[in-house]
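predicted coordinates and the sequence they were generated for:
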Amino acid sequence: MVVLVAQSLEPVDQSTGVVVNLLLIGYPVVLLGVALTSYWLAGRALAPVEAIRSRVAQVQGTAGLDARVPVPDGDDEITRLAVTMNAMLERLQVGSERQRRFVGDASHELRSPLATIRAAHEIAALHSDSADLSATSHDVLAELDRLDHLVNDLLLLARADEHGLRFRAADVDLEDLLIHEADRLRRSGALQVIVTAPPVRVQGDPVQLARVLRNLADNAARHANGQVDLRLRAEGAHAMIEVEDDGPGIPQADRERVF
């Protein structure tokens, strides 16, 4: 026996039509609302990043390095990024100030021997009859040696920044370096140079050690009233070199910056 049952599908079609109409109208509205909400939330979350970007964009060259980016509250990645950016700006500011001081000091050091050479020649030209050409030549040569040392130091700094300094280890007799510097100081002026240098040998770069000692000796001779002491001694496995002059010395407040 076969039973056939039939029922109209019109209610189902009506329900499907209502749902389709609701989806056609509501889905774009819901999608737009979700998009706007997501955009607002993303913009709110990334607002600190935009503030950091705009503040960093204001830094032009060395100008504006004293600016600091705003640090948002909290301890998330954006906060740590702001703290890192402020630390980087501080390092750049310190480096820029140090570079400006160095350029000013180097310009002053280069201008001083040039002014001395110019003055010596002008005096010799104005008083050609009474000028001591031998003394003038000695002074000019001394200032030219000073200029040569300054230029070599600047070239050394440039090479060190670009390629670094290569270390050449060798046996170095430090007493020979001190005696050589003492002889050089005695020839270059009317200084009394006292050397205390027992035999001390170290492993090091003789060129760089000689450069360090010459820089210290030149500085002592420049500021001494009349005497420079060069002392060498061994302290256990280390060697100690002391360069001392009888000048006014470096003020306590400037020692950390100078050295």
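Yes, it's here. Numbering: from 1, shown residues only.

can you list the domains in this structure?
What the record gives for the chain is the domain set 19-92, 102-163, 170-211+221-248, from automatic domain parsing.

mind listing the strands for the chain?
Along the chain, the segments classed as strands by DSSP state E run 170-173, 192-196, 201-204, 227-235, 238-245.

lowest mean pLDDT among the helices and strands of this protein, which one is it?
Within the chain, no helix or strand scores below helix 133-163, which has a mean of 77 by mean pLDDT, DSSP states H and E.

which strands or helices does that one pack on?
Under the contact definition 3 or more CB pairs under 8 Å, 6 or more residues apart in numbering; DSSP states H and E, helix 133-163 sits against helix 77-126, helix 206-223. To be clear about C-beta, it is placed using only N, CA and C from the backbone, and glycine gets the same treatment.

so for Asp145, which of those helices sits nearest?
helix 77-126 (8.9 Å; CB to CB).

how close does Glu235 get to Val200?
Using CB to CB, to the nearest Å, we find Glu235 at a distance of 10 Å from Val200.

out of those two, which sits in the busier spot?
Val200 (19 against 8; other CB atoms under 10 Å).

so who does that one touch?
For Val200, the contact set (CB atoms under 8 Å, 6 or more residues apart in numbering) comprises Asp173, Leu174, Glu175, Leu232, Arg233, Ala234, Ala239.

next: Glu109.
So Glu109 contacts Leu150 (CB under 8 Å, 6+ apart).

so what's the residue count around the nearest residue to Gly247 once chain neighbours are set aside?
Of all residues not flanking Gly247 in the chain, His223 sits nearest, at 3.8 Å (CB to CB, 6 or more residues apart in numbering). By other CB under 10 Å, 14 other residues sit near His223.

start the count at 23, not 1, going forward
Sure, I'll start counting at 23 from here, so that last one is His245.

contacts only, for His245.
His245 neighbours (CB under 8 Å, 6+ apart): Asp267, Gly269, Pro270, Gly271.

mind checking which of those are buried?
The neighbour-count test (16 or more other CB atoms under 10 Å) applied to those identifies Asp267, Gly269 as buried.
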